[in-house]
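Colleague: got a predicted structure here, sequence first:
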Amino acid sequence: MLERNAVLEVVALLLIQGEKVLVAQRPKKDRLAYKWEFPGGKIEKGESPEDALIREIQEELGVSIRVLSHFKTIEHLEPPVPLRLYAYFAQLQGGNPVPQEQQNIQWIPFNELLSLDFAPADIPLAQYLVSYLNTV
Ligand code: 9L3
Ligand code: MG
């Protein structure tokens, strides 16, 4: 059980190809059903954020990645699930992402990213990402 006030530690993938970024839609049985997010999930006990991201992306998208760099940590501390979201740039090690959990995915152009209906913690992350991409 989660302790009261416990903050969930979560990792998210920023995967960029050309002028597009990969996003996934949360499956329908989920609390945040149909909200878009940067793929990833909970860090398990004893795991580094990088290892958690590699594992989650293998599980959800069936591909292996190389983690490049930390981009931003978003604290979304509101109930019902206060969370800390660590976002990393990464690259594919070969192959293409294929949804393993019936979720939708898409490569979305940078200039359309902010029009998606994102999960709450991913909204500021998407905004930071678009600002960053406009400067590089
Ligand atoms: N979450 C939010 N934004 C994200 C990710 C990967 C996850 N980009 C939230 C949704 C859940 C919690 O973190 O409340 C745990 O995620 P998961 O393990 O259900 O994917
Ligand atoms: Mg997940």
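Modeller: Structure's in. What do you need? Numbers count the residues shown, from 1 in each chain. Ligands and ions are numbered 1, 2, ... in the order given.
Colleague: in a helix, that's where residue 52 is, yeah?
Modeller: Yes: secondary structure of residue 52 (DSSP: H, G, I helix; E, B strand; the rest coil): part of a helix.
Colleague: measure it to ligand 1 for me?
Modeller: Relative to ligand 1, residue 52 is positioned 10 Å away (Cβ to the nearest ligand atom, to the nearest Å). From N, CA and C alone the C-beta is placed, and that goes for glycine too.
Colleague: mind listing what that residue touches?
Modeller: Taking Cβ atoms under 8 Å, 6 or more residues apart in numbering, we find residue 52 in contact with 11, 40, 41, 42, 43, 44.
Colleague: show me which of these are buried.
Modeller: Of the members of those, the ones counted as buried by neighbours, 16 or more other Cβ atoms under 10 Å, are 11, 40, 41, 43.
Colleague: near ligand 1, which of those show up?
Modeller: Contacts with ligand 1 within the buried ones among the contacts of residue 52, counted by Cβ under 6 Å from any ligand atom: 40, 41.
Colleague: which one of the contacts of residue 52 is nearest residue 83?
Modeller: residue 42 (8.8 Å; Cβ to Cβ).
Colleague: pretty sure that closest one contacts residue 7?
Modeller: No: using Cβ atoms under 8 Å, residue 42 is not in contact with residue 7, being 11.4 Å away.
Colleague: pull out the buried positions in the strand or helix carrying residue 12.
Modeller: Using DSSP states H and E, residue 12 maps to strand 8-17. By neighbour count with 16+ other Cβ under 10 Å, strand 8-17 contains the buried residues 9, 10, 11, 12, 13, 14, 15, 16.
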